[in-house]
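K.L.:
generate a structure from the sequence data that follows.
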Amino acid sequence: MNYFFITGTSSGIGFALANEILKNENNYIIGFSRNNNISHQRYEHINLDLSKPEIVKNYKFIDIIDAESVTLINNSGVIGDVKHIGNIDNNSIISTFNVNSISPAILINNFIKTYKNFSGKKIIINISSGAARHAIESWSSYCASKSALDMFSLVAKADSDKKLYGFKIFSIAPGIVDTNMQNQIRETDKNDFSLLNTFVQYKNDNLLEKPQYTANQLVKIIKNPEKYNNVILDLREM
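P.N.:
Predicted coordinates for the structure are as follows:
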């Protein structure tokens, strides 16, 4: 059996990815989100609010004996306040970093601690963003928190290699995907985000990738992680 731990399975990429993975009868998923929209005999839901790392740190990954592989996918992400610095709600800064970098870092740490001696295939996939690698006006918390996730992934891979733990670790920018986050961006006041019309046009011109397409691309990496040598990846370049 292959065990998957996936955050943000209630919608978007996480929902599509979970349903794609469940097509294989040898896969079992433990999904983390505040809402459960999946009903399947090989899906277990954990109600977990990633904006509260004091709760996340207490989650214990299960002991696994019969597994061929274990995979952690940190998919959850929030855009936070789309506003210029100086106008952002401070609580939004805290929550954005908690969801996008602090809670994923805690899960990665505990995942490696739990399965470092596991002899099967071990994979960690973090869903990052092109915004982690390019500054975008009014997205300060999102850009910075996803950039932190990229660097945590790089160091986690270096540490794993040093200790010979054998984890394959990736931080993957999925491109511009048609999710609730894009809805939130399009609802932004133009005074707060001068690129608003560009993102509205992405939707109008059908330039947004479908979550199912993104899920299919991620499954290709999961099935053949040895084909990818870099930690930092972008689906648009693959």
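
K.L.:
other residues contacting stretch 192-204?
P.N.:
Contacts with stretch 192-204, where a contact means Cβ atoms under 8 Å, 6 or more residues apart in numbering, come from 82-84, 87, 136-138, 176, 178, 182, 185-186, 188-190, 207-208. (C-beta placed from N, C-alpha, C; glycine too.)

K.L.:
so which of the residues you listed belong to helices?
P.N.:
182, 185, 186 (DSSP state H).

K.L.:
by neighbour count, which of those residues wins?
P.N.:
residue 185 (23 neighbours; other Cβ atoms under 10 Å).

K.L.:
got the CA positions of the strand or helix carrying residue 145 in CSV?
P.N.:
Assessed by DSSP states H and E, residue 145 sits inside helix 140-163. C-alpha atoms of helix 140-163 as CSV (Å, rounded to 0.1, in the frame of the first residue of the first chain):
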residue,chain,number,x,y,z
SER,A,140,4.3,40.4,0.0
SER,A,141,3.1,37.8,2.5
TYR,A,142,2.3,35.2,-0.2
CYS,A,143,5.6,35.7,-2.1
ALA,A,144,7.7,35.7,1.1
SER,A,145,6.0,32.7,2.7
LYS,A,146,6.2,30.6,-0.4
SER,A,147,9.8,31.6,-0.8
ALA,A,148,10.4,30.4,2.7
LEU,A,149,8.8,27.0,1.7
ASP,A,150,11.2,26.8,-1.2
MET,A,151,14.3,27.3,1.0
PHE,A,152,13.0,24.9,3.7
SER,A,153,12.6,22.3,1.0
LEU,A,154,16.2,22.9,-0.2
VAL,A,155,17.6,22.5,3.3
ALA,A,156,15.4,19.5,4.0
LYS,A,157,16.8,17.8,0.9
ALA,A,158,20.4,18.7,1.9
ASP,A,159,19.9,17.3,5.4
SER,A,160,18.3,14.2,4.1
ASP,A,161,21.2,13.5,1.8
LYS,A,162,23.7,14.2,4.5
LYS,A,163,22.0,11.8,6.9
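
K.L.:
and that helix, how far from the chain's centre?
P.N.:
Here helix 140-163 is found 12 Å from its chain centre; the criterion is Cα atoms, centre = their mean, to the nearest Å.

K.L.:
I'd say residue 34 and residue 48 touch.
P.N.:
Yes. Contact criterion Cβ atoms under 8 Å: residue 34 and residue 48 qualify, at 7.5 Å.

K.L.:
higher neighbour count, these two?
P.N.:
Regarding residue 34 and residue 48, a neighbour count based on other Cβ under 10 Å identifies residue 48 as having more, with 18 against 12.

K.L.:
quick one, helices of the protein?
P.N.:
12-21, 53-56, 90-97, 103-115, 140-163, 180-186, 196-204, 211-223.

K.L.:
so which of the ones you listed is the most surrounded?
P.N.:
The highest mean neighbour count among the helices of the chain, using mean count of other Cβ atoms under 10 Å, belongs to helix 12-21: a mean of 23.

K.L.:
could you say what helices and strands that helix packs with?
P.N.:
When contacts are defined as 3 or more Cβ pairs under 8 Å, 6 or more residues apart in numbering; DSSP states H and E, helix 12-21 packs onto strand 2-7, strand 27-33, helix 211-223.

K.L.:
can you list the strands that the second one pairs with?
P.N.:
Using DSSP bridges, the neighbouring strands of strand 27-33 in the sheet come out as strand 2-7 (parallel), strand 43-47 (parallel).

K.L.:
how far out from the middle of the chain is the longest one?
P.N.:
Looking back up the chat, that one is strand 2-7. With Cα atoms, centre = their mean, you get 12 Å for strand 2-7.

K.L.:
so for it, mean pLDDT?
P.N.:
When pLDDT is averaged along strand 2-7, the result is 98.
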